[in-house]
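*Asks:* quick one, structure for this:
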Amino acid sequence: TGWPGLEGQGGAGAGQFCFVSSDLLHLLLIPFTPQILSLSPDFASYTLYLKWNDSGSVFPYDLDASWQIQILRKETMETDTLVTYNSKLTGKDTVLSWNWTSDMPLECTSHYVKIRCYINELLFAGRKEWSEWSPIKTVPGIAVVFPQDKVVLVGSNVTFCCLYNEGESIKFMKYGSKDYPLLHLSKWSSAIKVENVSASIPSGSNVLCSLQPDNIAGAVLFVGYAPDIPENLSCETRTFINITCSWNPGRPTELYRQRQTKYILFESKKHRCDFPVHVNQKIYNFTLSASNPIGQTESSLSIDINQRVHLETPDKFTVSTNSSTNAYLSWYIPGNLIQIRLLCQIEISNSNSGRQLQNVLVTGAENSNYRASVDALTPYTTYTFRVRCSASEHFWRWSKWSVERKLTTLEAPPARGPDIWRERSPVRGTLKIFWKPLLLSEANGKILAHEVSCYLQETMLKAHEVTVPLNSTELKLGGNDCLISVVAKNRAGSSPPSTITSVDIPSDNVKTEQAIPTGNGIYLSWHSDPNVTCGYTVKWCCSTGSEPCNVDWETFPSNTTNVLIKSALFQPGVRYNFSLYGCKHNGYQLLQNIVGYMKELPPKVAPNFTVEETSSDSILVKWEDIPVEDCRGFLKGYMLYFAKGKRGTSKPSYFEEGPPEVTVKNITDLTIKSLRILDLQGKTSYRLDLQAYTTGGMSPLKSLYVVTKENSVGLIIAILIPVAVAVVLAVVTSILCYRKREWIKETFYPDIPNPENSKALQFQKNICEGNTALKTLEMNPCTPNSVEVVEARSIVPKIEDTEIVSQVADSELPEDGSDTETENHVVVSYCPPIIEEEISSPPVDEPVGSSQVIYIDIQSMYQPQVKAEEEPEINLLSTAGYKPQMQLSINAMKMESQSPTEEDLDKTAGYRPQANTNAWKLSSPDSPISIESNNENGSFGSPCSINSRQFLIPPKDDEDSPTPNNTGWSFTNFFHSKPND
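*Replies:* Model prediction:
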């Protein structure tokens, strides 16, 4: 049997199919191979459009069919896309269509398409299979760079391919100025992929493909944005004839020319460039569409046309006048404005009063002129006018301003009299009158002259006219006072009179105060005066400059006690003198003088100063006042700096030698013009710097160099101190020497002992008598001797307790006493000179004969040596000192034994025997020449001592203690007292 609807006949259509086997379970349902009717590429959109016939007429009823479409690329037939398309067979032939968009330009490589069919019949019990693939349809590539003139959205990823011919090879591809890696698509095509592209320039971004051997291909890419939704869509009418719409396009799309955004405006589905206003229509609905190659947006708006009136700019604007206070305006507005009223705004401006606005209401008309008037204007003033209008109800927008028109009003008499002031001139009986020019708004025209009059009890005494530009005059009043009147005149008439009295009230003890500078003016203040009834007047003028003082003034009410004076003539650093006058019922009185600055500046110059006096430790500095014009402010004081410094150096020494040692003196008492600098160093160079200061700052420095005098007191003290020390030492030494005079005498000048007072030399009287061979104190000439100072007891300086010892005796000293004596005795070796003296006058009772006496001059030890040729003659009888006798005659010894007189003693002053020589016994053991005697001094042949208190022949009871006491000189003895012998 057969399957319902299948007649078992084959056909040639795409919808024909066949089945095999009589067993229904083993039947195969295989559709015939479909045929592609067309394959069309859209290179601009990278899209393939496919069409085929489903051959549905072969089936008597509806069936579900599936179509499998395969897209292949390149010559190697690589599968790119495989999709399934479902359709319904309706029993008649239907052309099916399908499209596919590639991710790369279709021109980059060849694309291949084939399809097959599958019948999904649920009632069919057999096996169903896909039909065979249809024959392949091909879209070949083109040997260029693609895409061409493509428009994409900013941030997109774009693939560019380069197709080339046989025999060519690609070298590189770049987008803009950057090379990209190549993607090889086929034997004859390569590509690059650019990610996240940015907005292009108006002419687009270039893609370049370089081929070998020598060929170049390229394309242009346009990158931009889709249009924003139009913002602020507004529609309005200007003339009630047409409706005009406007909007804000939003962000620029970065696309230009034929790719830029296109706007289409619809009103109730009507697309027109402009829309007429219909008489019976008030509500209008608008839709605005915006599109470009990337996207499309739209915006809508609904309006009432009576509420969206934006009038045209007023035209043909004119201004005229025929008085000093009024003006007349006229303008034209086009349009059919009959159904509304207009609100027009007139702008009035001038250089004095600024900008004013005045509104007027006018009735609308069709293409009509509108008029308005302006009053309360200032006479003889130039004004500027302009006008704009809008609908008075449902205000929407003002029209644009019309062109400006200027108008000068006519003149009128001055509105008030000028401000006046007067001052007594140095010439007796002359009064000088001043007045200020009126403002333009007060003059009401051009002032031609001022009339000055003098009234005494309403009777005019004098009057004269002063032409401009003079603003002062003089009146000779003599000894009378009067009421001064000043009137300003222009072409339209005269001003009201301004009056002032000439009476001045005397003032006592007028004080001068300082004003406060504010930077833009000068602040004045004063105490209220209850007697002031008609106000205060502040008069000022510049106190510097060679030009005459320009007088200026201002008048204030009686209750004013402080004012801020401002003037365009005020300059920083310039002193101004103000005088405050009070207006009383009987005249004007000077109350106070005030000086001030608008702004204080540092002094222009430093004060001149000199050094008036210098000393070793001080400097007296004097300085002068700075001229007023150079002060540029109120002086607050002076700064004096001083430090060590030398002329020729740019800085004081303290700038170079470590930490500063500068001393600063701040003199705030301005009455002080001198200063003495104390506690300075003598003969030292100092640098002095002086500068003045105000509230505005410090003046420049003025420097002087000065050298202090040498410190004479210090020099005198330096001299007197050593002298005083020397005097004190001399006095102390004198006192000590006086107290120790006995010790000094005994030490340096000892007394010669008198042999007659020595008991040790008291021998028998006849010991030497008759013995001519015996010689007293006989010594060998020039025999070396030692003088040993043992002890000093006398104040008179002398050598005491000495021994004259021969060389033989020195060698024979006992051993037991040598150490002690050498330790405590000072031994002086000397050779005493021998002086031979001849006694020319012997006594009468002695035999006549010559005898020589030899003396040893002990004093020659202490006397300076004298040259032989300069040695004076010596009076041997009067010479002081002890001269030992080397040879004596018996007669001489007899003379000595006699009692001498004082006169003889004074004449000789020599040595006399110490004892009666008759008592000497040669055989006595105590005799000096006795053989049995052990006396060391026996060699002298005489019991005599030489300048010594130590006996040459010691007594018997001292033989056991031969060592003498140490009586030599010691420095410690100088400070200890010793009793006299």
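*Asks:* in the stretch 501-650 of the chain, where is pLDDT below threshold?
*Replies:* By pLDDT under 70, the low-scoring segments of the stretch 501-650 of the chain are 542-548, 647-650.
*Asks:* all strands of it, in order?
*Replies:* 504-505, 512-514, 516-517, 522-525, 536-542, 552-556, 562-565, 575-584, 587-597, 609-614, 619-623, 635-644 (DSSP state E, counting those that start in this stretch).
*Asks:* so can I have TSV of these showing distance to S485 and mean neighbour count?
*Replies:* C-betas here are computed from N, CA, C, even on glycine. Below are those laid out as TSV (distance: least, CB to CB, whole Å; neighbours: other CB atoms under 10 Å):
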stretch	distance to S485	mean neighbour count
strand 504-505	18	15
strand 512-514	33	12
strand 516-517	37	18
strand 522-525	29	19
strand 536-542	17	20
strand 552-556	16	17
strand 562-565	27	15
strand 575-584	16	20
strand 587-597	16	19
strand 609-614	56	15
strand 619-623	53	18
strand 635-644	45	18
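*Asks:* would a markdown table of those strands with distance to N99 be doable?
*Replies:* Shown next, in a markdown table, are those (distance: least, CB to CB, whole Å):
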| stretch | distance to N99 |
| --- | --- |
| strand 504-505 | 114 |
| strand 512-514 | 99 |
| strand 516-517 | 90 |
| strand 522-525 | 91 |
| strand 536-542 | 97 |
| strand 552-556 | 94 |
| strand 562-565 | 88 |
| strand 575-584 | 96 |
| strand 587-597 | 93 |
| strand 609-614 | 107 |
| strand 619-623 | 107 |
| strand 635-644 | 97 |
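*Asks:* phi, psi of H278?
*Replies:* phi -90, psi 140 (degrees, to the nearest 10).
*Asks:* do the same with S57
*Replies:* Per degrees, to the nearest 10, the backbone of S57 is at phi -70, psi -10.
*Asks:* what about it, how many neighbours?
*Replies:* By the measure other CB atoms under 10 Å, the count of residues near S57 is 17.
*Asks:* now it: how far from I119?
*Replies:* According to CB to CB, to the nearest Å, S57 and I119 sit 14 Å apart.
*Asks:* could you do L182 as well?
*Replies:* 46 Å.
*Asks:* who has more neighbours, these two?
*Replies:* I119 (20 against 15).
*Asks:* wait, isn't the more buried one in contact with K128?
*Replies:* Yes. Using CB atoms under 8 Å, I119 is in contact with K128, at 6.2 Å.
*Asks:* who touches both of those two?
*Replies:* Both I119 and K128 are in contact with L29, where contact means CB atoms under 8 Å, 6 or more residues apart in numbering.
*Asks:* what's the mean pLDDT across the biggest helix by length in the chain?
*Replies:* Once the chain is assigned using DSSP state H, the helix that runs over the most residues is helix 712-739. Across helix 712-739, the average pLDDT comes to 86.
*Asks:* kindly report the same for stretch 287-301.
*Replies:* Rounded mean pLDDT across stretch 287-301 is 91.
*Asks:* same thing with stretch 39-59?
*Replies:* Rounded mean pLDDT across stretch 39-59 is 85.
*Asks:* surely S558 and P530 touch.
*Replies:* No. Assessed by CB under 8 Å, S558 is found out of contact with P530, at 9.2 Å.
*Asks:* neighbour count winner among these two?
*Replies:* S558 (17 against 6).
*Asks:* how close does that one sit to T533?
*Replies:* Here the criterion is CB to CB. By it, S558 lies 6 Å from T533.
*Asks:* same question, N206
*Replies:* In terms of CB to CB, N206 sits 95 Å off from T533.
*Asks:* distance between the ends of stretch 458-472?
*Replies:* Across stretch 458-472, the terminal residues are separated by 23 Å (CA to CA, to the nearest Å).
*Asks:* list the contacts of it.
*Replies:* Outside stretch 458-472, the residues touching it (CB under 8 Å, 6+ apart) are 432-437, 447-455, 473, 475, 480, 482.
*Asks:* likewise for stretch 259-266?
*Replies:* 151, 222, 224, 227, 230, 245, 247, 249, 253, 255, 271-273, 286-293.
*Asks:* at 6 Å instead, please
*Replies:* Under the criterion CB atoms under 6 Å, 6 or more residues apart in numbering, residues V151, F222, P227, T253, H271, T287, L288, S289, A290, S291, N292, P293 lie in contact with stretch 259-266.
*Asks:* cool, and stretch 339-350?
*Replies:* 355-364, 381, 383-384, 386-392.
*Asks:* which ones among those lie within strands?
*Replies:* Applying DSSP state E to the contacts of stretch 339-350, the entries found in strands are 355-363, 383-384, 386-391.
*Asks:* drop anything exposed from those residues.
*Replies:* Using 16 or more other CB atoms under 10 Å as the burial test, those include Q358, V360, V362, Y383, R386, V387, R388, C389, S390, A391 as buried.
*Asks:* can you tell me which of those is nearest N666?
*Replies:* Nearest to N666 out of these is Y383 (CB to CB; 61.7 Å).
*Asks:* for that closest one, list each beta-bridge partner.
*Replies:* Beta-bridge pairing for Y383 (DSSP bridges): L407.
*Asks:* any chance of a markdown table for the buried ones among the ones in strands among the contacts of stretch 339-350, columns pLDDT and distance to S399?
*Replies:* A markdown table is the format used below for those (pLDDT from 0 to 100; distance: CB to CB, whole Å):
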| residue | pLDDT | distance to S399 |
| --- | --- | --- |
| Q358 | 94 | 16 |
| V360 | 94 | 14 |
| V362 | 93 | 13 |
| Y383 | 93 | 21 |
| R386 | 96 | 11 |
| V387 | 97 | 9 |
| R388 | 96 | 5 |
| C389 | 96 | 5 |
| S390 | 94 | 6 |
| A391 | 93 | 10 |
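*Asks:* which of those sits closest to K709?
*Replies:* Y383 (83.1 Å).
*Asks:* these two touch, right, that closest one and L407?
*Replies:* Yes. The pair Y383 and L407 qualifies as a contact (CB atoms under 6 Å) at a distance of 5.4 Å.
*Asks:* below-threshold pLDDT in this protein: ranges please.
*Replies:* Residues of the chain that meet the cut-off, pLDDT under 70, sit at 1-26, 74-76, 140-143, 166, 268-273, 542-548, 647-660, 755-981.
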